[in-house]
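Peer 1: what follows is a predicted protein model with its sequence.
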Amino acid sequence: MIKIEYRQTGPYVDQGQEHQEEADLASASRADLRWYYFLSDLTFTIDEAELTPPWSWTPVFDFLWSMKGALEHLERGEHTTIGFTENAELISFVPEGEKVRVSCTYTAAEAVCERVDLRTAWLAFREAVLTQLSVKYPRLAANPVFAELQL
């Protein structure tokens, strides 16, 4: 079983300072959405392997886009990694036929799962994030960059 979840810990950070006031999320740039908005605590487990980053304030949109790219590489049978903007840590994905070996630089845990199960877990995670944030921030749903993740 693969579990990818998040808990929003901050709406927006600019130069290390959290801002609570409402920005126009309908026109926020891709860079702002990807790296500065919706900081979160992520949970990532595959079966018993705990692959959750041990830090807070991971930008959830960056993780979504990074996972989307990683899955595209895996579909082509390519090894890939996901990095984090806040440090030099990595999640590594190594294709092994229809399976994927997942490991991280920040923990000794390692897991093997079906590629299709990883994609299914990401799709469910993406849907949960996009639905929750578009309900909480209706202007966000009008942002064309936000729509890119739904493709």
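Peer 2: Nice, I can see it.

Peer 1: straight-line length of stretch 101-117, end to end?
Peer 2: 12 Å (CA to CA, to the nearest Å).

Peer 1: residue contacts, the most centrally placed residue in the chain?
Peer 2: Nearest residue to the geometric centre of the chain (CA atoms, centre = their mean): Phe63, 2.2 Å. Contact partners of Phe63, counting by CB atoms under 8 Å, 6 or more residues apart in numbering, are 6, 40, 42, 82. (C-beta placed from N, C-alpha, C; glycine too.)

Peer 1: the last one - that's part of a strand, no?
Peer 2: Translated: Ile82. Yes - under DSSP: H, G, I helix; E, B strand; the rest coil, Ile82 sits within a strand.

Peer 1: what helix or strand is the residue nearest to the centre of the chain on?
Peer 2: helix 60-75 (DSSP states H and E).

Peer 1: that helix: which residues count as buried?
Peer 2: Neighbour-count burial for helix 60-75, counted by 16 or more other CB atoms under 10 Å, picks out 60-68, 70-71, 74.

Peer 1: from the residues you listed, which is closest to Ser92?
Peer 2: Ala70 (9.5 Å; CB to CB).

Peer 1: mind listing the residues bridging to the closest residue to the closest one other than its chain neighbours?
Peer 2: Distances taken as CB to CB, 6 or more residues apart in numbering place Thr80 nearest to Ala70, at 4.7 Å, with adjacent residues excluded. Counting by DSSP bridges, Thr80 forms beta bridges with Phe93.
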